[in-house]
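1. Okay, predicted coordinates and the sequence, questions at the end:
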Amino acid sequence: MARRSLHLADIARELLALFGGILVILMGVHLLSGPAQAAPIVPRAAIAYRSDLTRIAHAEWGLAAPVAAFAAQIHQESGWRPEAVSRVGARGMAQFMPATAVWWCQVQRPPAEDCQPANPVWSMRALVGYDRWLYQRVSGDSDFDRHWAALRSYNGGLGHWLNEAKNAGSYQRAEVDRACGSASRAAVHCAENLGYPRRILFTLQPLYSAWGGEVTP
């Protein structure tokens, strides 16, 4: 009887060691994977710019302007930081590259002292105005699809989108998206370019729904 009890005790110790090893492995996997990504929130700095963005959007797009979408785009581009500078040199809340900022100033012809990418008001005007400029040059089956195409063009270039639409033989959003990388754009950039409007319109825009109009399917 004592021998049997000893055998059972040995089995119990082996099982405990086994489960302990599994627990250590699971904890290691958790540590390697890192903490769950926190849900996005509206940065405190954004509140200070709400009235200016609303006024700028209404002036450019009318009273039905999708203010929430513009706010979400600024959130994505810079986190509402006027001093933001990307690793490739894009500047300000709208993250315009220096050459793009110079070109946009030539198109808009504001006073020279106003053409400052680090200026929050200039950045908001530039983002909203450039979005409008792109919206007028893309096509789609719906207002949502045109905004989607404009955002893809803001992120990756209008010429790339137009060439891919030509290859797709269609302006349907799904068709043009599937053609990403089929023309002058390197396919390696498609994940970022397709993810850009998705994150803005589906993940970030709802955070700003109280600010004004939204872009919805």
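-> Alright, I've got the coordinates.

2. Check Phe162 and give its pLDDT.
-> Heads up, residue 162 is Leu, not Phe. On pLDDT, Leu162 comes in at 98.

3. try His75
-> In this model, His75 carries a pLDDT of 98.

4. Gly213: neighbour count?
-> Residues lying near Gly213 (other C-beta atoms under 10 Å) number 18. In this view, the C-beta of every residue, glycine as well, is placed from N, C-alpha and C.

5. Dihedrals phi and psi, the nearest residue to it once chain neighbours are set aside?
-> Setting aside the residues directly before and after it, Gly213 is nearest to Pro66 in space (C-beta to C-beta, 6 or more residues apart in numbering), at 4.5 Å. With angles defined as degrees, to the nearest 10, Pro66 sits at phi -80, psi 70.

6. show me what contacts Pro66?
-> With contact set as C-beta atoms under 8 Å, 6 or more residues apart in numbering, Pro66 has these partners: 57, 147, 212-215.

7. can I get the CA coordinates of stretch 165-175 in PDB?
-> This file holds the C-alpha atoms of stretch 165-175, laid out as PDB (Å, rounded to 0.1, in the frame of the first residue of the first chain):
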ATOM      1  CA  ALA A 165      -7.600  52.800 -61.600                       C
ATOM      2  CA  LYS A 166      -6.600  52.700 -65.300                       C
ATOM      3  CA  ASN A 167      -5.200  49.200 -64.900                       C
ATOM      4  CA  ALA A 168      -8.300  48.100 -63.000                       C
ATOM      5  CA  GLY A 169     -10.500  49.400 -65.900                       C
ATOM      6  CA  SER A 170     -12.900  50.600 -63.200                       C
ATOM      7  CA  TYR A 171     -13.400  53.300 -60.600                       C
ATOM      8  CA  GLN A 172     -15.100  50.800 -58.200                       C
ATOM      9  CA  ARG A 173     -13.300  51.000 -54.900                       C
ATOM     10  CA  ALA A 174     -12.700  47.300 -54.500                       C
ATOM     11  CA  GLU A 175     -11.400  46.900 -58.100                       C
END
